[in-house]
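Asks: Provided below are the primary sequence and the corresponding predicted coordinates.
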Amino acid sequence: MSWFTRGVLVATHNPISRRIFTSTRAGRALAHRFVAGDTLEDGIAAARRLAEAGMMTSLDLLGEAVTDRDSAVSARAEYRAVLDRLADEQLPANISIKLTQLGLAIDEAMAREAVAELAVRAAEVGTTVTIDMEDSRFTDATIEIYADVQPRHGNLGIALQAYLHRTPRDLERLMPLGGHIRLCKGAYAEPPDIAFQSRAEVSRAFLGLLETLMSQEQTRPAVATHDEALIDRARRLAERRRGGFEFQMLYGVRPELQRTLRDEGYDLRIYVPFGSQWYPYLTRRLAERPANLVFFMRSLVGKDRAGPV
Ligand code: FDA
């Protein structure tokens with residue numbers, strides 16, 4: 001992870017930064033680029049537009065690091081409501097969930113029950129549930145819950161982060177469980193003893209994991225990146241692949257590349273976040289690209305009215 005990325009993640013953790021982003025028009029405008037809107041209706045409308053454009057979606061109700069049971073219970077209910085809407089709408093969409101939003105930091109059993117309940121409802125609706133991977137305090141518990149619930153329900157997937165040294169072992173363990181595995185670089189500030197720090201090391205790790213993932217057919221690979229070198233490698237590996245796989249990208253990031261992959265005929269799923277709790281998600285998107293932060297600073301001082309790059 002670069003000094004810039006780490007610096008942004010640390011600085012945006014501060015309550016003053018949070019206030020500057022959440023209470024200014026410039027902050028909300030930037031969030032609007034990466035987030036479909038505040039409500040489920042906004043998320044559904046985005047999923048509908050993307051479906052019309054030939055893309056699948058994964059709906060993410062924003063929220064994480066929940067510290068009280070009531071919030072975790074209501075997040076579970078809100079996710080059920082998302083699945084109910086998907087049943088009505090018949091959209092090519094699934095859901096992405098964060099286990100700390102469902103109570104993982106309070107009570108592991110509570111998060112496990114929520115995952116099982118959502119897996120059952122998703123199966124009734126004919127869709128799947130992807131478990132996002134959060135920071136390394138939660139990696140073990142997230143993997144254990146997935147390894148417990150996926151074999152019983154069969155319609156789950158999990159994100160694995162290429163920057164973690166442990167991921168090759170986790171991948172070997174989880175592939176035989178079926179489901180789908182989303183391979184991403186990793187978006188949190190992690191120390192060198194557990195995660196690669198440089199761009200080159202993370203890309204190399206991603207490539208190794210990608211080869212493994214694309215060469216097996218037990219699980220459906222989801223290649224989650226906007227990095228063209230990695231996407232090119234996936235394209236080449238796909239030529240030799242017999243099973244299905246999909247590319248995944250984030251709402252608002254590299255839309256032209258999204259259209260290119262769609263036009264080339266690949267399965268493409270767009271991760272669509274919605275909800276009012278957008279600040280932590282936005283900080284990760286800022287940390288990934290200095291230009292986003294520069295745009296925000298300029299619009300804050302009234303120097304830029306155009307969209308961010
Ligand atoms: P990289 O950051 O090198 O970006 C490649 C190019 O894409 C950049 O040069 C730029 O052009 C563009 N780009 C990337 N990010 C941008 C941004 N924010 N704004 C503007 N342009 C941008 N992480 C995690 O830890 N747990 C998870 O569960 C997930 N889930 C997830 C789902 C999906 C569908 C995706 C695509 C990504 C994730 N991630 C994630 C995030 C992931 O770990 C990573 O932080 C981002 O995808 C950025 O890395 P890239 O692979 O895109 O490469």
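Replies: Good, I have the coordinates.

Asks: centroid residue for this protein?
Replies: Centroid check for the chain by C-alpha atoms, centre = their mean gives residue 132 as the closest residue, at 5.6 Å.

Asks: What separation do you get for that one and residue 139?
Replies: 12 Å (C-beta to C-beta, to the nearest Å). No exception for glycine: its C-beta is placed from N, CA and C like everyone else's.

Asks: same check, this time on residue 24
Replies: 34 Å.

Asks: If you count surrounding residues, which of the two has more?
Replies: Between residue 24 and residue 139, residue 139 has the larger neighbour count (other C-beta atoms under 10 Å), namely 19 against 14.

Asks: List the contacts of the one helix or strand that one maps to.
Replies: Secondary structure assigned from DSSP states H and E places residue 139 in helix 139-153. Helix 139-153 is contacted from outside by 99, 104, 108, 111-112, 115-116, 119-120, 123, 131, 133-134, 156, 158, 164, 166, 170, 173-174, 177-179, using C-beta atoms under 8 Å, 6 or more residues apart in numbering.

Asks: 7 Å - rerun?
Replies: 99, 104, 108, 111-112, 115-116, 119-120, 123, 131, 133-134, 156, 158, 164, 170, 174, 177-179 (C-beta atoms under 7 Å, 6 or more residues apart in numbering).

Asks: go on, stretch 39-57?
Replies: Taking C-beta under 7 Å, 6+ apart as the rule, stretch 39-57 contacts 36, 59, 81-82, 85, 89, 91-93, 251, 258, 262, 267-270, 272, 274.

Asks: Just the ones of these in helices?
Replies: 81, 82, 85, 89, 258, 262 (DSSP state H).

Asks: Now do the same contact list for the residue lying closest to the fifth one once chain neighbours are set aside.
Replies: The shortest distance from residue 258 to any residue other than its chain neighbours is 5.4 Å, reached at residue 249 (C-beta to C-beta, 6 or more residues apart in numbering). Contacts were defined as C-beta under 7 Å, 6+ apart; by that measure residue 249 touches 226, 258, 268, 270.

Asks: Quick check: residue 249 is in a helix.
Replies: No - Residue 249 sits outside any helix when classified using DSSP: H, G, I helix; E, B strand; the rest coil, being strand.

Asks: So what's the residue count around residue 265?
Replies: If we define neighbours as other C-beta under 10 Å, then residue 265 has 8 of them.

Asks: correction: residue 119
Replies: 18.

Asks: Pretty sure it sits against residue 155.
Replies: Yes - contact criterion C-beta atoms under 7 Å: residue 119 and residue 155 qualify, at 5.9 Å.

Asks: list residues touching both of those two?
Replies: What both residue 119 and residue 155 touch, as defined by C-beta under 7 Å, 6+ apart, is the set residue 129.

Asks: now residue 88: how far from the ligand?
Replies: 25 Å (C-beta to the nearest ligand atom, to the nearest Å).

Asks: where's that residue relative to residue 125, distance?
Replies: In terms of C-beta to C-beta, residue 88 sits 9 Å off from residue 125.

Asks: which one of the two has more residues nearby?
Replies: residue 125 (21 against 9).

Asks: Tell me which residues are up against the helix or strand of the chain with the lowest mean pLDDT.
Replies: None of the helices or strands of the chain scores lower by mean pLDDT, DSSP states H and E than helix 3-11, at a mean of 75. Outside helix 3-11, the residues that touch it by C-beta under 7 Å, 6+ apart are 17, 189, 283, 286, 287, 288, 290, 293.

Asks: what's the nearest residue to the fifth one if we skip its chain neighbours?
Replies: Okay, so that is residue 287. residue 8 (4.0 Å).

Asks: again, but for the first one
Replies: On the basis of C-beta to C-beta, 6+ apart, the spatially nearest residue to residue 17 that is not a chain neighbour turns out to be residue 11, at 5.8 Å.

Asks: While we're on residue 26, how confident is the model there?
Replies: Looking at residue 26, its pLDDT stands at 86.

Asks: Which residue, other than its chain neighbours, is closest to it?
Replies: residue 299 (3.9 Å).

Asks: I figured the one you found hits residue 24, correct?
Replies: No - using C-beta under 7 Å, residue 299 is not in contact with residue 24, being 8.6 Å away.

Asks: quick revisit: which single one of the contacts of helix 3-11 is nearest to the ligand?
Replies: residue 288 (3.8 Å; C-beta to the nearest ligand atom).

Asks: so what's that closest one up against?
Replies: Residue 288 touches residue 5, counting by C-beta under 7 Å, 6+ apart.

Asks: how near is it to residue 50?
Replies: Taking C-beta to C-beta, one finds residue 288 at 21 Å from residue 50.

Asks: Report pLDDT for residue 296.
Replies: In this prediction residue 296 is given a pLDDT of 79.

Asks: Next up, phi/psi of it, please.
Replies: Backbone geometry at residue 296, expressed as degrees, to the nearest 10, gives phi -60, psi -50.
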